[in-house]
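Asks: sequence below, structure please.
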Amino acid sequence: MTAFTNLGDLIPRDRDLDKIAIIDLGGRLAREVSYGQLDAMANGVARALSARGLARGERVAILSANRAEYLAAYYGIMRAGLVAVPVSFKFPRSTIHFILRDADAKLVFCDMARAGDCPPDIPAVHFGDEGAEGFDRFLDGGPFDAIVPRPREPAMFLYTSGSTGMPKGVVLSHQSHLWVVETRLTGDLERHRYLIAAPLYHMNALALAKLACAAHATIVLLPQFTAPAYIEAIGRDRCTWLTAVPPMIAMMLREKDLLACTDLSSVEFIRMGSAPVSHALMEAIRHALPRASVTNAYGTTEAGPVVFGPHPEGLPQPEMSVGYPHPKVELRLVEGDDRDADQGVLEMKCPALMNGYHNRPDVKPPFTADGFYITGDVFRRDADGFHYFIGRSDDMFVSGGENIYPADVERMLERHPDVAQAAVVPIDDDIKGQKPVAFVVSKPGRRPSEDDIKRFALANAPAYAHPRFVWFVDELPLASTNKVDRVLLHGLAQERLTTVK
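Replies: Coordinates of the predicted model:
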């Protein structure tokens, strides 16, 4: 296996450089980019940034929908010893400006649709612009020797979604994510076609893109997720490996007519993470993609995607489980003073841990005295050692003295035969303190009533957990990471309550 030293230099040059690295679906026509072309673009970025006099360790941002040049810029920034800062274009302009100022970005790569969101005092290079500010003219062609990073030298800042405040910059070193790549790299990945529609500013998509390059596989890259384009890409480009957050797959499975006329037989693996997976969604996936192996995965921006894996004794993974602790990761569940609880907050230690948060002395570092990262996610462990995600400790709310985890209630509601998706948020209550309400997406052709849902909840969960109000919606709103936007739903619940009273 090739030994990698720089996170931006993951292309094995002893393999066929004419092989297609990326099928870019962002234009009117699909565009194929070979490994040789991707490598040359990344070197051109590194040379141009160095020629501009940017100093090692300075930050360079990327604000764009997914495209081949995004990955070339991302790799080139890190090859030059600079720090890549992918930024969510779904943030409001004020938040984008905050991130660019917070990171002290010296330059921004952006697509034309996002050019107006860049502050005028930060130099910008535009993807898709054939003029003087365009990416092609910016490139400085020729070879480049990637810098060899010092231990813990930052490679990238990934800003968290900021659902509870302004986003925090997670500082990740070259070594942390080289370990992720090398831990996940196996000998049979080269043959795969990885469909990436999740945004490249998110850990989920970035980690898979790097793995695909290191494996010399092919990436099928959508500019952003829409269910019809996702399905069409699978059929047309014979994608074998899908990675997504569960709401994306749920939206895909609602496209019944398109699914029925599309050949999805190429799909061998589906890896879902970043949000809970329901039993109903698992059943729907098995029906639509019977040949695919489905993995319910878990990872965090702060500690990477390598956390759980298969059972060492070959036991089958229960469908609601995220797996058995990975042999290269130390895990423990903590409940109060008990550091070996069967249910509690997950703490973990591995080489992928972040250096810390950038420029946030006000935030207590989420590490224990013995070096474990405190995830804030609550899990339970069964007798075989398999782990199950219960919910975020900061999503948990108390109703009449009882702890309620929204994800737990959602999974229960999604077992209802007429429910496709559910999202639960708390509302204030003078007697209980807080109580749950639910937003529900019905399965196509089904029309359950609010009373139907409440009766099901009372029959399948403790009474305190049943939603006091149920509101039916066509779809659940997604935040910038394609997870359900709980902040927006909480505001919507408050609005709807005013019409009830």
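
Asks: and F367, how far from A288?
Replies: Counting by C-beta to C-beta, to the nearest Å, the gap from F367 to A288 is 42 Å. Just so you know, the C-beta spots here come from the backbone N, C-alpha and C atoms, and that holds for glycine as well.

Asks: show me where the stretch 101-250 of the chain has its helices.
Replies: Using DSSP state H, counting those that start in this stretch, the helices of the stretch 101-250 of the chain run over residues 135-138, 174-184, 203-215, 227-237, 246-253.

Asks: for A113, which non-adjacent residue is closest in space?
Replies: Distances taken as C-beta to C-beta, 6 or more residues apart in numbering place A65 nearest to A113, at 7.0 Å, with adjacent residues excluded.

Asks: these two touch, right, the one you found and S88?
Replies: No: here A65 does not reach S88: they are 10.9 Å apart, not a contact under C-beta atoms under 8 Å.

Asks: between those two, what contacts are shared?
Replies: Counting by C-beta atoms under 8 Å, 6 or more residues apart in numbering, the residues touching both A65 and S88 are P199.

Asks: start and end of stretch 117-137, how far apart?
Replies: In stretch 117-137, first residue to last residue: 22 Å (C-alpha to C-alpha, to the nearest Å).

Asks: what comes up buried for that stretch?
Replies: By neighbour count with 16 or more other C-beta atoms under 10 Å, stretch 117-137 contains the buried residues D117, C118, A124, V125, H126, F127, G128, D129, F135.

Asks: who does the top helix by length along the chain touch, helix- and strand-wise?
Replies: Longest helix in the chain by number of residues (criterion: DSSP state H): helix 35-51. Counting contacts by 3 or more C-beta pairs under 8 Å, 6 or more residues apart in numbering; DSSP states H and E, the secondary-structure elements packed against helix 35-51 are strand 20-24, helix 68-79, helix 135-138.

Asks: chain center to it, what's the gap?
Replies: The chain centre lies 26 Å from the centre of helix 35-51; the measure is C-alpha atoms, centre = their mean, to the nearest Å.

Asks: okay, now the closest residue to N296 other than its chain neighbours: neighbour count?
Replies: Once flanking residues are discounted, N296 sits nearest to V277: 4.6 Å by C-beta to C-beta, 6+ apart. Counted with other C-beta atoms under 10 Å, residues neighbouring V277 total 26.

Asks: what sits against V277?
Replies: Contacts of V277 by C-beta under 8 Å, 6+ apart are P246, N296, M320.

Asks: same check, this time on Y230
Replies: L195, A197, L222, M248, M252.

Asks: would you point out the most distant pair within these?
Replies: Using C-beta to C-beta, the pair of the contacts of Y230 lying farthest apart is L222 and M252, separated by 11.9 Å.

Asks: neighbour count winner among these two?
Replies: Higher neighbour count among L222 and M252: M252, with 25 against 21, using other C-beta under 10 Å.

Asks: number of nearby residues for the nearest residue to the more buried one once chain neighbours are set aside?
Replies: Excluding its sequence neighbours, the residue lying closest to M252 (C-beta to C-beta, 6+ apart) is A227, at 4.7 Å. Residues lying near A227 (other C-beta under 10 Å) number 18.

Asks: quick one: A227 from A30, how far?
Replies: If you go by C-beta to C-beta, the gap between A227 and A30 works out to 19 Å.

Asks: by contact count, what packs against the helix or strand harbouring E410?
Replies: Using DSSP states H and E, E410 falls within helix 406-413. On a contact count with 3+ C-beta pairs under 8 Å, 6+ apart, helix 406-413 meets strand 387-392, strand 419-429, strand 433-442, helix 450-460.

Asks: mind listing residues that contact that helix?
Replies: Contacts for helix 406-413 (C-beta under 8 Å, 6+ apart): 276, 278-279, 320, 389-392, 395-397, 419, 422-426, 436, 438, 440, 453, 456-457, 460-461, 465, 467, 486.

Asks: host element of I270?
Replies: Assigned by DSSP H and E, I270 belongs to strand 269-272.

Asks: R360 touches M166, doesn't it?
Replies: No: using C-beta under 8 Å, R360 is not in contact with M166, being 9.4 Å away.

Asks: name the nearest residue to D136, ignoring sequence neighbours.
Replies: Counting by C-beta to C-beta, 6+ apart, the residue nearest D136 is E130, at 7.0 Å.

Asks: repeat that for A284.
Replies: A284 sits nearest to L253 (C-beta to C-beta, 6+ apart), 4.9 Å away.

Asks: which ones are touching that neighbour?
Replies: Here L253 is in contact with L259, L281, A284, I285, A288 (criterion: C-beta under 8 Å, 6+ apart).

Asks: if you set the cut-off to 10 Å instead, what comes out?
Replies: L253 makes contact with A227, I231, L259, L281, A284, I285, H287, A288, L289, A420, K443, P444, according to C-beta atoms under 10 Å, 6 or more residues apart in numbering.

Asks: next: A73.
Replies: A73 touches 8, 41-42, 44-46, 49, 60-62, 64, 67, 84, 86, 107-110, 125, 127, 135, 138-139, counting by C-beta under 10 Å, 6+ apart.

Asks: coming back round to it: what do L222 and M252 both touch?
Replies: In contact with both L222 and M252: A197, Y230, using C-beta under 10 Å, 6+ apart.

Asks: burial of I77, as a residue count?
Replies: Neighbours of I77 (other C-beta under 10 Å): 30.

Asks: for C213, same thing?
Replies: Neighbour count of C213, defined by other C-beta under 10 Å: 23.

Asks: try F472
Replies: 15.

Asks: roughly how far does the residue nearest to it when sequence neighbours are not counted sit from D418?
Replies: If the residues on either side of it in the chain are set aside, F472 comes closest to V440, at 5.4 Å by C-beta to C-beta, 6+ apart. Distance, V440 to D418, by C-beta to C-beta: 9 Å.

Asks: who's more crowded, the two?
Replies: Neighbour count, other C-beta under 10 Å: between V440 and D418, V440 has more, with 25 against 15.

Asks: so that one touches R447, yeah?
Replies: No: at 11.3 Å, V440 does not count as touching R447 under the criterion of C-beta atoms under 10 Å.

Asks: pLDDT weak spots in the stretch 401-501 of the chain?
Replies: Counting by pLDDT under 70, the stretch 401-501 of the chain contains low-confidence residues at 480-481, 500-501.

Asks: quick one: least confident helix or strand in this protein?
Replies: strand 402-404 (a mean of 81; mean pLDDT, DSSP states H and E).

Asks: residues contacting that one, please?
Replies: Residues from elsewhere that reach strand 402-404 (C-beta under 10 Å, 6+ apart): 378, 390-391, 393, 395-398, 424, 426, 432-436, 461-465.

Asks: can you say which of those residues are buried?
Replies: 378, 390-391, 393, 395-397, 424, 426, 432, 435-436, 461, 465.

Asks: now render those as a markdown table, adding distance to A215.
Replies: Formatted as a markdown table, the buried ones among the contacts of strand 402-404 follow (distance: C-beta to C-beta, whole Å):
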| residue | distance to A215 |
| --- | --- |
| V378 | 34 |
| I390 | 33 |
| G391 | 34 |
| S393 | 35 |
| D395 | 35 |
| M396 | 39 |
| F397 | 43 |
| V424 | 39 |
| P426 | 43 |
| K432 | 52 |
| K435 | 49 |
| P436 | 44 |
| A461 | 43 |
| A465 | 44 |
